[in-house]
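Visitor: Just a sequence and a predicted model for now, questions to come.
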Amino acid sequence: MAAAQGVAYMDGRYMPLAEATIPILDRGFMRSDITYDALHVWKGRVFRLADHITRFRASMAGLRMSLPQTDAELGEILIECVRRTGYRDAFIMVMCSRGVQPPGTRDPRLCRNRLYAYAQPFLYIANEEQRREGLRMILSKTQRIPPEALDQRIKNFHWLDLTMSLFEAYDRDATATILPLADGTVTEGPGFNVFILKNGVLATPDRGMFEGITRRTVTEIAADLQIRCELRPVRAEELTEADEIFTATTAGGITPVTWYEGKPLGDGRPGPVTQRILDLYWKRHEDDALNTAIEY
């Protein structure tokens, strides 16, 4: 099988990613009526596979979707996608869409939920220079969709607010953005959680954002380092006053922020706590308890 770009799974069969398509009438496409989870493989092992599948199940339950596969079967499908590519470092997506509704109705209960999955080469959302030198971040004027309208703990493709914030960043010579809520607190950026460090204490928002697996891993690392880590409302002005800021995401792990709202943070270089957490994050990928080996 040609797998130069990756391998996909849908409707019970595997295929080259370039050949994978979805029906144009699928509500996942028509209504963004879909949930997903993103995982990665590093050196031939899936990082926190069981945690991702548990979270994927919770997202489906939150949208009143279900799939017939067991957790073990879902895991094997994802592993098989990677196995067929041969990639030792890979990015995995698994999605559950509402499916195609019968003609003449908008009743979501009448749809058969559909499973889609694929594996492709490992992805960084920051390029090599950004990972080395740090991101340039702004506070977006675009507000995040509030949790009263959509529970952001359900992973979703409602990305228009995130996307429009990116245009703001690029217009202001920045590479990343953080979105606020109407109450003046911040939430997350396009595809990542954010952490701030002030006077040796870490903080990360606890409302209006997706609770990432990388975010969870950072809180565990902080506990090991005996660094206090607060999950709480974070006000926008706290980022301006922060000693260090970094992002956390499956697509690349930990990335320092060295420039915020037009000014360098500290000396304009990645901070020492950020670097320590980054190093220990990748060290976690050697822990047998957190990683599932793929038999190629």
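Guide: Yes, it's here. Numbers count the residues shown, from 1 in each chain.

Visitor: can you give me the strands in the stretch 151-296 of the chain?
Guide: Applying DSSP state E, counting those that start in this stretch to the stretch 151-296 of the chain gives strands spanning 176-178, 193-198, 201-204, 229-231, 244-249, 253-260, 263-264, 291-293.

Visitor: Got the domain ranges for this structure?
Guide: Domain ranges of the chain: 7-121, 128-285, per the TED database.

Visitor: Show residues contacting the helix or strand that Met60 is a member of.
Guide: Element membership for Met60, per DSSP states H and E: helix 49-62. For helix 49-62, the external contacting residues (CB atoms under 8 Å, 6 or more residues apart in numbering) are 35-39, 66-67, 71, 74-75, 78-79, 94, 96, 113, 151, 153-156, 213, 216, 292. In this view, the C-beta of every residue, glycine as well, is placed from N, C-alpha and C.

Visitor: how about a cut-off of 7 Å?
Guide: For helix 49-62, contacts defined as CB atoms under 7 Å, 6 or more residues apart in numbering pick out 35, 37, 39, 66-67, 71, 74-75, 94, 96, 151, 154-155, 213, 292.

Visitor: Kindly report the same for stretch 103-110.
Guide: With CB under 7 Å, 6+ apart as the test, stretch 103-110 has contacts from Arg27, Asp33, Arg98, Gln101, Pro102.

Visitor: Please verify my assumption that the fourth one contacts Cys111.
Guide: Yes: assessed by CB atoms under 7 Å, Gln101 is found in contact with Cys111 at 5.1 Å.

Visitor: starting at the chain centroid, how far to stretch 75-86?
Guide: Averaging C-alpha positions (CA atoms, centre = their mean, to the nearest Å) puts stretch 75-86 20 Å from its chain's average.

Visitor: To clarify, my last question referred to stretch 55-73.
Guide: Computed by CA atoms, centre = their mean, the separation of stretch 55-73 from the middle of its chain amounts to 18 Å.

Visitor: just use 47 as the starting number from now, easier for me
Guide: Sure, I'll start counting at 47 from here, so that last one is stretch 101-119.

Visitor: quick one: buried residues of that stretch?
Guide: Within stretch 101-119, the residues scored as buried using 16 or more other CB atoms under 10 Å are Arg101, Phe102, Arg103, Ser105, Met106, Leu109, Met111.

Visitor: what pLDDT does the first one get?
Guide: Confidence per residue is given as pLDDT, and for Arg101 that number is 97.

Visitor: what about it, distance to Tyr164?
Guide: Going from Arg101 to Tyr164 by CB to CB, to the nearest Å gives 18 Å.

Visitor: repeat for the last one
Guide: Separation of Met111 from Tyr164 (CB to CB): 19 Å.

Visitor: What of the fifth one?
Guide: When CB to CB is the yardstick, Met106 and Tyr164 sit 18 Å from each other.
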